[in-house]
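*Asks:* Predicted model and sequence below, questions to follow.
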Amino acid sequence: MNTYLLIGGFVLGILILRFSKAIYKFMGQDPDAERMFGGGLGGTYTAIRLIALVLVVGSIIVLLMQL
């Protein structure tokens, strides 16, 4: 059961990383402008990517610890 949750977190993180630009555009923002000028909603685009990265790396670490 826990393994399935970890794999789900990993897959969710990968999907968020893959579609982070689309998610940010869906929020009505321009990710390219935020990257150029370093502004935006307090770095929301970067935050979305960091959350996804934590999901992916955390899932890998916990799965490796279970082996």
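*Replies:* Okay, I see it. Numbers count the residues shown, from 1 in each chain.
*Asks:* for the chain, which helix is longest?
*Replies:* helix 44-66 (DSSP state H).
*Asks:* quick one: buried residues of that one?
*Replies:* For helix 44-66, the neighbour count (16 or more other CB atoms under 10 Å) marks 45, 46, 48, 49, 52, 55, 56, 59 as buried. Every residue, glycine included, has its C-beta placed from N, CA and C.
*Asks:* Lowest-confidence one in those?
*Replies:* Checking pLDDT across the buried residues of helix 44-66, the minimum falls on residue 45 at 71.
*Asks:* Hmm, residue 25 and it touching each other?
*Replies:* No. Contact criterion CB atoms under 8 Å: residue 45 and residue 25 do not qualify, at 9.9 Å.
*Asks:* shaky segments in the chain?
*Replies:* 1, 30-43 (pLDDT under 70).
*Asks:* Pick out the residue nearest the middle of it.
*Replies:* The chain has residue 52 as the residue nearest its centroid, 2.0 Å off, counting by CA atoms, centre = their mean.
*Asks:* tell me the contacts of that residue?
*Replies:* Under the criterion of CB atoms under 8 Å, 6 or more residues apart in numbering, the contact list for residue 52 reads 12, 13, 14, 16, 17, 20.
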